[in-house]
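Participant: Predicted model and sequence follow; I will ask about them next.
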Amino acid sequence: MGFIGRFLITTLAVIIAAYLLPGIELKNNFTPLVVALVLGLLNTFIRPVLVFLSMPITLVTFGLFLLVINTIIIKFTSGIVESFHVESWWAAFWFSIVLSLVTFVLESLIGKARES
């Protein structure tokens, strides 16, 4: 799946996660596209640095600290995109989990559709 496919899946996942969770606000219809783009850029350039710097604590917590890194990335995205508001750290935490699950499900469904 190419960049455009992943971008569209992430955009749809942002819409679904924001709809399901309280404390997440998308102020207009263009916002999910911008959020997906910013998340993609942050996950490409900033997340690897954070993962590398937090490697000792990530190993001690058996990888659970990666959830904290995901939450930081979501809050950082909220700070960058003015029309995307995340109310609290817990909202960002649950948003990152729901976003990951929805993205996984959508990619699985599209993968199965391509096979048939």
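Facilitator: That came through fine.

Participant: those helices in this protein, which residues are they?
Facilitator: Read by DSSP state H, the chain holds these helices, from start to end of the chain: 3-20, 31-45, 47-53, 55-60, 65-80, 89-115.

Participant: Show residues contacting the first one.
Facilitator: It refers to helix 3-20. 1, 24-26, 32-33, 35-37, 39-40, 95, 98-99, 102-103, 106-107, 110 (CB atoms under 8 Å, 6 or more residues apart in numbering). Yep, even glycine has a C-beta here, placed from its N, CA and C like the rest.

Participant: Now the buried members of these.
Facilitator: Of all the contacts of helix 3-20 considered here, the ones buried according to neighbour count by 16 or more other CB atoms under 10 Å are 24, 26, 32, 35-36, 39, 95, 98-99, 102-103, 106-107.

Participant: Would you mind giving me the confidence score for S116?
Facilitator: According to the per-residue confidence, S116 scores 66 in pLDDT.

Participant: swap in G111?
Facilitator: 80.

Participant: Not counting residues beside it along the chain, what's closest to it?
Facilitator: For G111, ignoring the flanking residues on the chain, the nearest one in space by CB to CB, 6 or more residues apart in numbering is M1 at 7.8 Å.
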